[in-house]
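Chemist: my questions concern the predicted model and sequence given below.
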Amino acid sequence: MTTENHEQEENQQTNPRKRRAFKMFLLKAGFTATVLAIFYGGYLDWQIRSKMDGQIWHLPAEVYSRIERVKIADNLAFDEVIRILLDNEYRQTTMVAAPGDFKLEDDTIVVLRRAFPFPDKPEPQRVLRLRFSDNKLSRIEDLVAVQAIDEFRLAPKLIAMLESDNEDRLAIPLQNYPRLLIDALILTEDRRFYEHSGINPIGIIRALIANVRAGQTVQGGSTLTQQLVKNLFLSSERTITRKANEALMSLILDWRYNKNRILETYLNEIYLGQNGDTQIHGFELASQFYFGRSIREISLDQIALLVGMVKGPSLYNPWRNPQNALERRNVVLKLMLDHQMIGGELYELLSKRPLGVQAKGQISRKYPAFIQTLQSDLRRQLGDLKISGLLGARIFTTMDLKQQEQSEKAVVNTVSKLQVTTKNPYLESAMIVADYHTGEIRSVVGGLQTQYAGFNRALMAKRQIGSLVKPSIYLAALSNPEQFRLNTPINNQPITINIKGSPPWQPRNYDRKYSGSVMLMDALARSLNIPTVNIGMKVGLKNVIDTQKAMGWDNVEIPKVPAMLLGAYTISPYDVTKLYQTIANQGGRIELTTIDSITDRQGNLIYQHDKTAKQVVPQEAAFQTLFAMQKTVERGTARSLQNDYVGLQLAGKTGTTNDARDTWFVGIDGRNVSTIWLGRDDNGETKLTGASGALQIYKDYLNRVYIEKLKLQKPATIKWVGISQYGSWDCGSSRTIPVWANKGQSFCSSSATDSLSPTNQSPPSGSLWEVLDNIPIEEAKPE
């Protein structure tokens, strides 16, 4: 056998072995690759399920304004109901077609009320007819349930979002999205969405050909499923590895979940813009951001704009690039026309409309002072640990949008004018309005820059309060009717108080004028310092401080020195409001709050504000104090209010501190207590008093909002008793004062006597009302 033949024979024997070895290698490699693919696919499947079956997003807590009710019992006038609807962003139309629409029909209003998940239960949208008789709401008819109802609630407005990790979204169910939005989105982005299995090879090939012809990327081939996978699980880097993962995960996602679940997640996830450093995700939030309305209420051309922005939220931003946005919107409308979703006439109408976006979106930037106060309340009521668990919760606040906005305007408008007239550009202000029946804060203004989340003066600025302290001192005195009544004569002569370890203290009246004595209620109305100090020293500093702490200043540091009787210590406007809430509510203290209730995502109640009042001072004493504060407005330091608001019977108190550094006013109407501070951050002189400064802001506010008349609710043990012009009992007099008959006394019997105001008492100087009516009265100011 030749060598050549031998080699051939060996090769013939070796080749089958090599082929078998190679096949075995391929088999092992294939098996390994298959196992790895299965494991990798399983890993990707686990990643998908862990997010899709758990909490997909760290949803921000949604913060809403106050829930407003329309009740027959409130006896609302026709125009009042229209105002309420407009304030809650309802639209007057000629045809009721969308939630938020209402129309007028003679003496009726037909309204399509929005659906909303209220704290106690979700309510669907309702068609309501409101009937009026003699211009008053007399009947409410639910046209769907075909029944009469006594009241209905209006959905509150979204005012902020908390704890969002720089991402904001409002996740809503698929059924709450308009069908036209879904159809337009699928037509524009993924026409074979319901046919493919997560990826669309035809779409990829079509996009590839278009891009090759154009020489650049002009068309994408990604399905909605692929876009969702990229947004939820992957980065935006353009690599082959990322695209491979995207395709594989899209197949798994489509296999694991039905199309509607994928579509719902996409609608709530898609990125549609930027609000400062916060991303706007989902069509519902984008609708609120760009149009100020729910996605269920926007028009078809607005839907087309949002759908068009999916391709490039920055490129088609309607504020930054309005022309690009308009052209892109019309491209979507043309697609809808070409596919017979709309007719030619409607297309012509919609394509000629302007973009219709609101002023640049500020979803989480409005009302910063109120939101800061809310966050403080959340920490106090729930603690930091529970606050971190509020992701996705709904926080229903006490904010009244109308009062908040008008409070801001009153502060900005008045202070701007005062800056000019006083040539003092450094004036600042703060304001709080609260419902004293419930403790619910309706508005908070932290400074002139009402849209800037900076120093919240309403909550954090502690300033000397001056004469604002006086009503609490008089209330403490009136709590002891054996010693003090409204007509008790109080010494108004200069005094010197010796203080151990300190120089003698000599308080003075603001105008440096003195007299023999004045009635107690005159002293408060005129804000006289000397009588106030005399009353406080008689009551005792400890008793005064105990009364103040019971009324809401339990966390305030109150110095136990005589100067505290003239407000020589610092308190924030927020804390001032606490004390005056108790006075206005006739001694019933309720903790101030910006929170009405909190529910989790499923509607379960997490927190509810307790509106129960605790009687901390005698109702009779608070009633008499309020009466005296009405005299402050009627003929005292706040008498300038009488010219325009005499019918409201307001109660109030001015306050001014040394060198006019701080000016204050607290006003009480039939529903709310309003606290206003005006001063300078550097504690400089304002050249103003409480009457010429803070009170002017209150006047502006009164011109802007509806104000209820103050009607004092007389306790059973209070009697109206006549007095003479000198303050002695005169039961035939038409001038009466409230008197606490703590022992059932009959002050008008012939034998009635009272050690504090005997009928033979000499006329107290300074209490002649005929004289006071003609004397300009100024604010008393402490040393």
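Modeler: It's in. Quantities reported herein were computed from a predicted structural model and do not represent experimental measurements.

Chemist: okay, CA-based contacts and neighbour counts for the rest of this
Modeler: Noted.

Chemist: what sits against Lys402?
Modeler: By C-alpha atoms under 8 Å, 6 or more residues apart in numbering, the contact set of Lys402 is 87, 705.

Chemist: check which helix or strand covers it.
Modeler: Lys402 is part of helix 401-421 when elements are defined by DSSP states H and E.

Chemist: next secondary structure element downstream of that helix?
Modeler: Assigned by DSSP H and E, the successor of helix 401-421 is strand 427-435.

Chemist: export whatever helix or strand comes next after that following strand to PDB, keeping only CA atoms.
Modeler: Counting by DSSP H and E, the next helix or strand C-terminal to strand 427-435 is strand 440-445. C-alpha atoms of strand 440-445 as PDB (Å, rounded to 0.1, in the frame of the first residue of the first chain):
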ATOM      1  CA  GLU A 440     -59.900  74.900  58.200                       C
ATOM      2  CA  ILE A 441     -57.400  77.300  56.600                       C
ATOM      3  CA  ARG A 442     -58.800  78.700  53.400                       C
ATOM      4  CA  SER A 443     -55.800  80.700  52.200                       C
ATOM      5  CA  VAL A 444     -52.100  81.400  53.100                       C
ATOM      6  CA  VAL A 445     -50.000  84.200  51.600                       C
END
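
Chemist: who does strand 440-445 touch, helix- and strand-wise?
Modeler: Contact analysis of strand 440-445 by 3 or more C-alpha pairs under 8 Å, 6 or more residues apart in numbering; DSSP states H and E lists helix 368-387, helix 401-421, strand 427-435 as its packing neighbours.

Chemist: most tightly packed of those?
Modeler: When you average the neighbours per residue for each of the helices and strands packed on strand 440-445 (mean count of other C-alpha atoms under 10 Å), strand 427-435 leads with a mean of 26.

Chemist: list the neighbouring strands of that strand plus their orientation.
Modeler: Take DSSP bridges as the rule and strand 427-435 pairs in its sheet with strand 440-445 (antiparallel), strand 672-680 (antiparallel).

Chemist: ok, which of those strands comes nearest Val433?
Modeler: In terms of C-alpha to C-alpha, the element of these nearest to Val433 is strand 672-680, at 4.4 Å.

Chemist: what sits up against the closest one?
Modeler: Counting contacts by C-alpha under 8 Å, 6+ apart, the residues outside strand 672-680 that touch it are 426-437, 573, 576-577, 580-581, 584, 661-668, 685-686, 693-695, 697-698.

Chemist: and the angle from that strand to helix 401-421?
Modeler: Here the directions of strand 672-680 and helix 401-421 differ by 30 degrees (axes from the mean of the first three to the mean of the last three C-alpha atoms, to 10 degrees).

Chemist: low pLDDT regions in the stretch 51-200 of the chain?
Modeler: 54-55, 57, 163-167 (pLDDT under 70).

Chemist: need the helices for it, in chain order.
Modeler: Here the stretch 51-200 of the chain has its helices, by DSSP state H, counting those that start in this stretch, at 78-87, 179-189.

Chemist: please save the CA atoms from the last one in PDB.
Modeler: What it means is helix 179-189. What follows is helix 179-189, C-alpha atoms only, in PDB (Å, rounded to 0.1, in the frame of the first residue of the first chain):
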ATOM      1  CA  ARG A 179     -61.900  56.600  22.800                       C
ATOM      2  CA  LEU A 180     -60.800  59.200  20.300                       C
ATOM      3  CA  LEU A 181     -57.500  59.600  22.100                       C
ATOM      4  CA  ILE A 182     -56.800  55.900  21.900                       C
ATOM      5  CA  ASP A 183     -57.800  55.600  18.300                       C
ATOM      6  CA  ALA A 184     -55.700  58.700  17.300                       C
ATOM      7  CA  LEU A 185     -52.700  57.300  19.200                       C
ATOM      8  CA  ILE A 186     -52.800  53.900  17.600                       C
ATOM      9  CA  LEU A 187     -53.400  55.400  14.200                       C
ATOM     10  CA  THR A 188     -50.300  57.700  14.600                       C
ATOM     11  CA  GLU A 189     -47.900  55.500  16.500                       C
END
